[in-house]
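In: Fold the following and give me the result.
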Amino acid sequence: MEPPYTVIPLALTAEEVIWVVMATIFGAVLAVVLVKVLDRLRERDAETKAREIITRAEREAAARGKEFELELKETAIKQQEEMERELNKARSELHERERHLDKRQDHFDQQTEQLLKQQKMVETTQRKLAEKIEEAERRNEELDKLLGLQRQTLHQLSGLSRADATDRLLKGLDQELQNETGSLILKHEQRMAEVLDQKTRELLVTSLQRYAAAHTADTTTSTVDIPNDEMKGRIIGREGRNIRAFEKATGVDVIIDDTPGVVIVSAFDTVRREIARMSLAKLIADGRIHPSRIEEIVAETQKEMEQQIQKAGVEAAQEAGVGGLHERIIHLLGRLKFRTSYSQNVLRHSIEVAFMSSMMAEELGMDPKIARRCGLLHDIGKAADHEAEGGHPKIGADLLKRYGEKAEVVHAALGHHDDLRIENPYTVLVAAADACSASRPGARRESLERYIKRMTELEAIAGGFPGVRQAFAISAGRELRVLVGARDTDDASAAKVCHDIARALEQQLTYPGEIKVTLLREVRVTEMAR
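Out: Numbering: from 1, shown residues only. Now for the predicted structure:
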């Protein structure tokens, strides 16, 4: 295959080759020369630019130097002006101080002149006083001489020495002062007694008039309505098993007699009686009466009663305006709703005492809140007197102290029956309010005859024991004091007689709370000195 182009052979002669070579060399030399020329031109251009830059920098440096020199001159001028202002100010202050010092100097000069004048006056006064003192001493000497002459004359006339006369005069004055003091003390004591008696009556009457409470009396029995007399048989049950189970579960006595339409529940404990009444009413309404159902209903009613007791305690505390009570105290307070004392509801009585104590505290300028708290909780021991030994004041005081009540509240509960020395004024208020609430007309329905009969029964039971000479029922029948002869009994037999009297009271009488029996055995010997 032939190539696409044609190769034309080139043939050069020797001269042509020489010329070509020379032309090449010349071109190379010319190129070198041109490069050097261009480099030289570039160097000259750079030197020119450098000189221009240096010149420009020198001009700028000269201008900057002139500006800095001007700034220095301006700063120096400003500093000089400021220094001149400060110097002028210091000069003016100096002049002002000089004027002030001149004024003070003038004032001091005036004071010095006044002091000199006063000194001269004092010297003159001292001279006059010295003259008067000399004259007074001379007169005192004359008076002493005259008094001495008078004493001698008095001694000669009376025949008494100076000590005797002084003693007789002092004794006479002392006797007169004692007589006057005694009469004044008696007069003021009588007046204060009259005023206190009047104020006490006004205070009690005002408190009673300001608080008027409705009273609800409870008895020892409750009645339950029944639809028909056939229900009595169902309540009794086969061979009396239902009524025995009911009485065992509730701890009350169920009286089923010929009275139509009612069944009587009897118990001294009002809480048990109320539980039994409610349980019996539920059983009658339900119709299913058998021992297991009775136990179920009684247990359910007991839970409801606990809720009612707690609710009653909360409502009583709110009504009396007493807060911050322990839950156990509120529970015990609710139990008082189902406790009576001589037919008076104890919870209503406690609320009444709280309000009356508060009113009397306000009249006397004391704290009504503390008085109200003391009055509300004074009988709290009656809610637990069946669980602990001792009287309700001691039980209540122990409970209140255990649950963090103040000393005033504890002392009011312990001493509201005057069983101990009164150390707190709030205890006196509570005791007065307690007595007013218990003795006001309508508070307690018990008749005087029944009260006297019960007191007589207490004394009669104690008087029937050998060796007993006298018996006295005190504190509204809460305490029985027995006097025995020292010759008839000894210590051991006296203790046995006291124990037997207490057991006899438990067996023969029914009473709220407890009765304290105190037996006294003493020897009295009397002789006449003639």
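
In: Would you map the helices across this protein?
Out: Counting by DSSP state H, the chain has helices at residues 14-158, 162-210, 230-236, 241-250, 270-286, 291-320, 327-335, 346-364, 368-377, 392-402, 407-415, 425-439, 448-463, 491-508.

In: Worst mean pLDDT among those?
Out: With a mean of 71, helix 162-210 has the lowest mean pLDDT of the helices of the chain.

In: Looking at the residue nearest in space to the middle of the chain now. What's its pLDDT?
Out: Ranked by distance to the mean C-alpha position of the chain (Cα atoms, centre = their mean), the top residue is Lys406 at 9.2 Å. Looking at Lys406, its pLDDT is 87.

In: can you tell me how far the residue nearest to it when sequence neighbours are not counted sits from His378?
Out: Leaving aside its sequence neighbours, Lys406 sits nearest to Ile370 (Cβ to Cβ, 6 or more residues apart in numbering; 7.3 Å). Backbone N, C-alpha and C define where each C-beta goes, glycine included. Between Ile370 and His378 the computed distance is 12 Å (Cβ to Cβ, to the nearest Å).

In: More neighbours: which of those two?
Out: His378 (32 against 20; other Cβ atoms under 10 Å).

In: residue contacts, that one?
Out: By Cβ atoms under 8 Å, 6 or more residues apart in numbering, the residues touching His378 are Ser350, Val353, Gly396, Ala412, Ala413, His416, Val430, Asp434.

In: just to revisit the earlier point, Thr259: which of the helices of the chain is closest?
Out: helix 230-236 (9.9 Å; Cβ to Cβ).

In: since we're on Ala435, how many residues are nearby?
Out: By other Cβ under 10 Å, neighbour count at Ala435 equals 15.

In: Same question for Leu30.
Out: Leu30 has 10 nearby residues by other Cβ under 10 Å.

In: ditto for Phe465
Out: Going by other Cβ under 10 Å, the residues that sit close to Phe465 add up to 18.

In: Which pLDDT value goes with it?
Out: pLDDT for Phe465: 86.

In: For it, give me phi and psi.
Out: Main-chain torsions, Phe465, degrees, to the nearest 10: phi -90, psi 150.

In: Grab the nearest non-local neighbour of it.
Out: Counting by Cβ to Cβ, 6+ apart, the residue nearest Phe465 is Val497, at 5.4 Å.

In: right, and Ala361 touches Asp367 too?
Out: Yes. Using Cβ atoms under 8 Å, Ala361 makes contact with Asp367 at a distance of 6.4 Å.

In: Tell me which of the two has more neighbours.
Out: Using other Cβ under 10 Å as the criterion, Ala361 and Asp367 rank with Ala361 on top: 24 against 13.

In: Distance to Leu519 added to the helices of the chain, as CSV?
Out: As requested, the helices of the chain are arranged in CSV below (distance: least, Cβ to Cβ, whole Å):
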stretch, distance to Leu519
helix 14-158, 71
helix 162-210, 36
helix 230-236, 47
helix 241-250, 37
helix 270-286, 32
helix 291-320, 38
helix 327-335, 32
helix 346-364, 30
helix 368-377, 33
helix 392-402, 20
helix 407-415, 24
helix 425-439, 27
helix 448-463, 9
helix 491-508, 4
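
In: Of these, which is nearest Val224?
Out: helix 270-286 (4.9 Å).

In: Could you tell me which residues within the closest one count as buried?
Out: 270-281, 283-284 (16 or more other Cβ atoms under 10 Å).

In: wait, which of these is closest to Glu527?
Out: Once Cβ to Cβ is applied, the member of these that ends up nearest Glu527 is Thr270, at 56.9 Å.

In: roughly how far apart are the closest one and Glu327?
Out: Distance, Thr270 to Glu327, using Cβ to Cβ: 22 Å.

In: Let me have the contacts of His378 in a markdown table, extended by distance to Glu43 and neighbour count.
Out: Below are the contacts of His378 laid out as a markdown table (distance: Cβ to Cβ, whole Å; neighbours: other Cβ atoms under 10 Å):
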| residue | distance to Glu43 | neighbour count |
| --- | --- | --- |
| Ser350 | 127 | 25 |
| Val353 | 128 | 32 |
| Gly396 | 126 | 28 |
| Ala412 | 124 | 34 |
| Ala413 | 125 | 28 |
| His416 | 130 | 29 |
| Val430 | 127 | 31 |
| Asp434 | 132 | 22 |
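
In: In JSON lines, list those along with distance to Gln310.
Out: Putting the contacts of His378 into JSON lines (distance: Cβ to Cβ, whole Å) gives the following:
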{"residue": "Ser350", "distance to Gln310": "16"}
{"residue": "Val353", "distance to Gln310": "22"}
{"residue": "Gly396", "distance to Gln310": "19"}
{"residue": "Ala412", "distance to Gln310": "24"}
{"residue": "Ala413", "distance to Gln310": "21"}
{"residue": "His416", "distance to Gln310": "25"}
{"residue": "Val430", "distance to Gln310": "25"}
{"residue": "Asp434", "distance to Gln310": "25"}
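
In: which of the residues you listed lies closest to Arg521?
Out: Checking these one by one against Arg521 (Cβ to Cβ), the nearest turns out to be His416, at 30.0 Å.

In: Which pLDDT value does the model give the closest one?
Out: 74.

In: Touching, it and Thr427? I think so.
Out: Yes. His416 is within contact range of Thr427, at 6.3 Å (criterion: Cβ under 8 Å).

In: picking up where we left off before, next up, the contacts around the residue nearest to Lys406.
Out: Ile370 touches Ala361, Lys406, Glu408, Val409, Tyr426, counting by Cβ under 8 Å, 6+ apart.

In: ok, which pair from those residues is furthest apart?
Out: Top of the distance list for the contacts of Ile370 (Cβ to Cβ): Ala361 and Lys406, 14.4 Å.

In: Against Val484, how distant is the residue nearest to Lys406?
Out: In terms of Cβ to Cβ, Ile370 sits 44 Å off from Val484.

In: next one: Ala384
Out: With distances taken as Cβ to Cβ, Ala384 is found 33 Å from Val484.

In: More neighbours: which of those two?
Out: In this view Ala384 and Val484 are compared by other Cβ under 10 Å, and Val484 has more residues nearby, 23 against 17.

In: Name the residues of stretch 228-235 that come out as buried.
Out: Neighbour-count burial for stretch 228-235, counted by 16+ other Cβ under 10 Å, picks out Met231, Lys232, Arg234, Ile235.

In: before we move on, what about stretch 407-419?
Out: For stretch 407-419, by 16+ other Cβ under 10 Å, it's Glu408, Val409, Val410, His411, Ala412, Ala413, Leu414, Gly415, His416, His417.
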